[in-house]
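Peer 1: Predicted model and sequence follow; I will ask about them next.
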Amino acid sequence: MFSPRRALALILGAALLAGCDNDPNPAPLHKTRPDGSPWLARYSGLPEDPRSFDPQYMYDSVTRRVMELVYDTLLEYHPMKTDPYEVRPALLEEMPQKEVSTDGKVSYLCRLKTTARFHDDPCFPGGKGRQVRAEDVHYAFLRMLDPKVESPFLSVFADFIEGMTELQEKVKKNQETLDYSWRLPGVEVVDERTFRLHLTKPYPLAIYWLAMHCSTPVAREAVEYYDGKSHDGKVRGDFHAFSAVGTGPFRIAEYVPRQRVRLERVEGYATTTFPTDGFPPEKAEWLQQFAGKPLPLVDEINMPILRETIPVFILTRQGYLDGMAVNKDAFAAMMSGTQLAPKYRERGMTLELAVEPATFWMSFNMEDPVLGKNKKLRQALSCSYDNKTYSNIFYSGVAPTAEQILPPGTVGFDPKWKNPWGYNLEKAKQLLREAGYPDGRNATTGEQLELRFTTVASGGEDRQRAEFEQNCFEALGIKVRVEELTFARLMDKLNRSDFQLASGSGWSADYPDPENFFALFYSKNMPPNGSNHCHYNRPDFDALYEKMAIMENGPERDAIIKQMNEMLADDCPMILGFIKAYYTAVQPWAPPTHHNLMLEGGMKYLTVDPVLREQKRAEWNRKPMWPIAILVCALAGGSLYARRWNRRLNA
Amino acid sequence: MLSYIIRRLLYAVPILLGVIVITFVLFRMVQSPEAIATIKLGPKASRLAKDEFIKSEGLDRPMPEQLVKHIKRLATFNFGTSWKTGRSLSDTFLTGAGPSLLITLPGFLAGLVASVGLALYQVFVRNSLLDRSLTFFAVALMSIPAVVYIIFLQAVGALALKYFPAAGFNYEGFGTFRFIALPILIFLVLNLGYDARLYRAIFLEEIQQDYVRTALAKGVGNVRVLGTHVLKNGMISLITLTVAELPKLIMGSLLIENFFSIPGLGNVLVLAIQTSDLPVILASVYLGSLAYIFSLILTDVAYALADPRIRLS
């Protein structure tokens, strides 16, 4: 039973346990930089695995968070300028120069920086990375046409880049195979560093494409070397999967699926520097110290893959992550009203509000015989939806209500604009009467109006959301039947126009222009061609859309944007919900330098104070010994009880 | 015995075929090719990209043709790639089995020792206040949902006591233990209540047997009677119960791996379910049923080996 030797072993075991390091992060790649200064590492969780490191293929936000640090784009979003968002040169020396030919055709002349280089890699002769050439840009655009790459950007680019549609047809005729000796007329290589982008029609928004990773130059040597076959006596990975040879400030030091991604700074990187303008006034003085500095500011980025929110909260509390989004699970523990709870403020943590250029809404089916033809009914339903309370319940009041389809930061966004069909129950009842359904009943037949509300149901919270929305609508006296589906099934129904009213619609800006949002109401973008899930079809809206899409920014365009907003407001093809926003809790050693959420690769601008971090980690992770004493006492007590019991049995 | 095993293996073929057909039809009935393309390519994917995916995956072919192709692929263990991660499934399963087993195997063995120990202890102090208290404790353990244990023990072990990392995994020799210690403990606790109750019942039945009375009459001590005679005779029932648990060990522990970011098979399966990653789900169901069938055969064999009175024919 319980002997002193066993007790000692138990105590030693427990002490060993208590001595366990609770830091899950691997040791940094180095302790110091080559010049002897401290090695700076950042720790930031990823909610899931990246899907591929192929810039012409992947586009989800998690993958971009890694890839945009590895591949520089031709242009990039200015980290400080978010109202409205602005792009600046990255791999390009200066902003593209617009050229208009005598026949009205538009081209953009672009020149690559001399400092733009591919990372050192065995795919290059001698393992030494080379300068980025205009030919690499042509190759990247050509790759989008390769059926093996499955580029989701092809259909977007094909309409605008000269010769892309023709080449696409040629690929189809060539047994779905692209011959890389073919030339794409839309990307003219002028000289080693210069190229010209020829458009089929004027499209000023093409500038934003150059800030997307799909147009980033790719080295042909890398694609051919990383083909999954043996090169230099070693089986190499697949470029289309997880082998990257980038041009950005970091290289991938390690990617262990379902565990972590680790990035290491590229020695000698000199393509981009910290901006010297656009600093927000409240931080300008502090940011001035970084102005014009070489990037990145840190040497290593550790991204543990953490799918659950509770470990993220614990690791942040212990100082093993440099910050976290204050999600709903952590809100009650970390927040006190709109401020961080005192105990976190005492730790030196700060709170930052991040507003994403993304809007969420519910879609009416404009082809539905009941809702599509009854504007007043749609307006009534919109007025019955309390999106403020919805945000309070499900987003702790952080997400602002959407007053228009455009999110803040987009060109033409009017902060004073108010949704005319915002929550007002009395107005909703009045509109319902005018729609022919007094108190929710058909004025002619007396039958109660019944609507089908299609929604996503992937968990308990989705059901709570659906119940809230159902209650809002049923406050009008109508009957709402909820149809719960998986997201994929919901999309299927939206595409097939098999719904009346559906939740789950939203759009995160691909580029910060209203065209990207108004496209969702353009009749030629109805499924299956696009995402006009409301099946909204208004010829004068379409005409304005076609006009504004190819206009340069200016007062005339602003007037059209306003007019289009008015049309959408009047027709009410959707019920506006909220703008995506969340708080991030930031550690005292890792103050953020910017809040630009168009920039997934923004970590190159971030800094860290490693001394303060070590000090705080040690302070926050002292292990108590009393539980071990209790455990030992409990086991000893149980053993003594058994001994006494044994004596009684033998007595 | 050999003919018995061969017959059982042959019986497994229609069972496996049934599992494959049912899961395939069920999942394909609820997901149209269009919905599958949306899962794979995302909601913003263009019509063209979706069409190309549907064509390349053969989702536009008649259902029986797709089913035959699917059966052929599973039979040859060619699972294809995940729609979500783009990684080869064979590679995913192989790399995931290690971390899963690192948790489930020690958790299972430690759990077995703990529950057998607790059951024997309860039998030893049977009918005492302590025995009743422990029974109450075991019933309480059985009644609490697994996710509550995980969150509670993660909060205690990682957040309050700071003895273990809250999440993460890394192969670093003995250092790996710090990542798996808390998940193992939780795995142990999850099954402790149920197993201890069950084993207590088995040992109580044994302790009323004549041979126990004989041993006691001959002057053998209570501890020795329990530790050798009762335990050995109770082992036959234990084998039956424990071998049937083996497939669960291989497939990992879904919730624990997910909460602790352990890159095991459970983690793979949870992500696949959350994202409707059909190839992973279908391959996991297939491998799971395969493991279950083999473990049942193994149970019969182990039973026959442990008890000479049993003949397999």
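Peer 2: Alright, I've got the coordinates. Numbers count the residues shown, from 1 in each chain, chains lettered A, B, ... in the order given.
Peer 1: which residues of the stretch 201-313 of chain B score low on pLDDT?
Peer 2: The stretch 201-313 of chain B contains residues with pLDDT under 70 at B:250-252, B:312-313.
Peer 1: Let's see that with 80 instead.
Peer 2: For the stretch 201-313 of chain B, the stretches with pLDDT under 80 are B:236-237, B:239-252, B:274-276, B:303-313.
Peer 1: how about the residues of it near chain A?
Peer 2: Residues of the stretch 201-313 of chain B lying close to chain A (CB under 8 Å from any CB of the partner chain) are B:221-223, B:258-261, B:263, B:267-268, B:270-271, B:274, B:276. No exception for glycine: its C-beta is placed from N, CA and C like everyone else's.
Peer 1: Give the PyMOL command for selecting the buried subset of those residues.
Peer 2: Command for PyMOL that selects the buried part of those, burial taken from 16 or more other CB atoms under 10 Å in any protein chain shown:
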select buried, chain B and resi 222+258+259+260+261+263+267+268+270+271+276
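Peer 1: how about the strands of the stretch 251-400 of chain A, start to end?
Peer 2: A:260-265, A:300-304, A:323-325, A:335-336, A:339-340, A:350-364 (DSSP state E, counting those that start in this stretch).
Peer 1: Take those and write them to JSON lines, including mean pLDDT and distance to A:D540.
Peer 2: Below are the strands of the stretch 251-400 of chain A laid out as JSON lines (pLDDT from 0 to 100; distance: least, CB to CB, whole Å):
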{"stretch": "strand A:260-265", "mean pLDDT": "96", "distance to A:D540": "49"}
{"stretch": "strand A:300-304", "mean pLDDT": "97", "distance to A:D540": "48"}
{"stretch": "strand A:323-325", "mean pLDDT": "93", "distance to A:D540": "41"}
{"stretch": "strand A:335-336", "mean pLDDT": "90", "distance to A:D540": "46"}
{"stretch": "strand A:339-340", "mean pLDDT": "92", "distance to A:D540": "48"}
{"stretch": "strand A:350-364", "mean pLDDT": "93", "distance to A:D540": "19"}
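Peer 1: before we move on, back to that, of the residues of the stretch 201-313 of chain B next to chain A, which belong to helices?
Peer 2: In this view, those that belong to helices under DSSP state H are B:222-223, B:258-259, B:267-268, B:270-271, B:274.
Peer 1: for those residues, which one is nearest B:E205?
Peer 2: Among these, B:N222 lies closest to B:E205 (CB to CB), at 17.2 Å.
Peer 1: Check whether B:I180 really touches B:S100, as I assumed.
Peer 2: No. Look at B:I180 against B:S100 with CB atoms under 8 Å: they stay out of range, at 10.5 Å.
Peer 1: Between those two, which is the more surrounded one?
Peer 2: B:S100 (25 against 21; other CB atoms under 10 Å in any protein chain shown).
Peer 1: shared neighbours of B:I180 and B:S100, anything?
Peer 2: B:I262 (CB atoms under 8 Å, 6 or more residues apart in numbering or on different chains).
Peer 1: For chain A, what's its nearest residue on chain B.
Peer 2: Relative to chain A, the nearest point of chain B is B:G168 (2.9 Å; CB to the nearest CB).
Peer 1: which residues does that residue contact?
Peer 2: Contacts of B:G168 by CB under 8 Å, 6+ apart are A:24-25, A:259-260, A:304, A:306, A:311, B:179, B:260-261.
Peer 1: out of those residues, who has the most neighbours?
Peer 2: B:F260 (30 neighbours).
Peer 1: how close does that residue sit to A:A330?
Peer 2: According to CB to CB, to the nearest Å, B:F260 stands 18 Å off from A:A330.
Peer 1: and what of A:I560?
Peer 2: With CB to CB as the criterion, A:I560 and A:A330 are 43 Å apart.
Peer 1: buried ones in the longest helix along chain A?
Peer 2: Counting residues, the longest helix in chain A under DSSP H turns out to be helix A:626-650. Using 16+ other CB under 10 Å as the test for burial, helix A:626-650 gives A:627-628, A:638-639, A:641-642, A:645-646.
Peer 1: What pLDDT does the model give the nearest residue to A:V355 once chain neighbours are set aside?
Peer 2: Nearest in space to A:V355, with sequence neighbours left out and distances taken as CB to CB, 6 or more residues apart in numbering or on different chains, is A:A581 at 4.4 Å. Listed pLDDT for A:A581 reads 92.
Peer 1: ok, now A:A330?
Peer 2: 86.
Peer 1: Next up, the contacts around it.
Peer 2: In this structure, A:A330 makes contact with A:309, A:312-313, A:324, A:585, judged by CB under 8 Å, 6+ apart.
Peer 1: Report the backbone C-alpha coordinates of stretch A:21-32 in CSV.
Peer 2: C-alpha atoms of stretch A:21-32 as CSV (Å, rounded to 0.1, in the frame of the first residue of the first chain):
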residue,chain,number,x,y,z
ASP,A,21,7.6,24.1,-19.1
ASN,A,22,4.2,25.3,-20.0
ASP,A,23,5.4,27.3,-23.0
PRO,A,24,4.2,25.4,-26.1
ASN,A,25,6.2,27.4,-28.6
PRO,A,26,9.5,25.9,-29.9
ALA,A,27,12.7,27.7,-29.1
PRO,A,28,13.4,30.6,-31.4
LEU,A,29,15.5,29.8,-34.5
HIS,A,30,18.4,31.9,-33.1
LYS,A,31,19.2,33.7,-30.0
THR,A,32,20.8,36.7,-31.6
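Peer 1: do that stretch and chain B meet at all?
Peer 2: Yes. Using CB under 8 Å from any CB, stretch A:21-32 reaches chain B at A:21-26.
Peer 1: Cross-check the contact I'm expecting between B:Y121 and A:Y641.
Peer 2: No. B:Y121 is not in contact with A:Y641 according to CB under 8 Å; the separation is 9.6 Å.
Peer 1: Sketch out the helices for the stretch 51-200 of chain B, chain order is fine.
Peer 2: B:63-75, B:89-124, B:129-143, B:146-154, B:177-207 (DSSP state H, counting those that start in this stretch).
Peer 1: number of nearby residues for the residue nearest to B:R197 when sequence neighbours are not counted?
Peer 2: Nearest non-adjacent residue to B:R197, counting by CB to CB, 6+ apart: B:A138, 4.9 Å away. Neighbourhood size, B:A138 [other CB under 10 Å]: 22.
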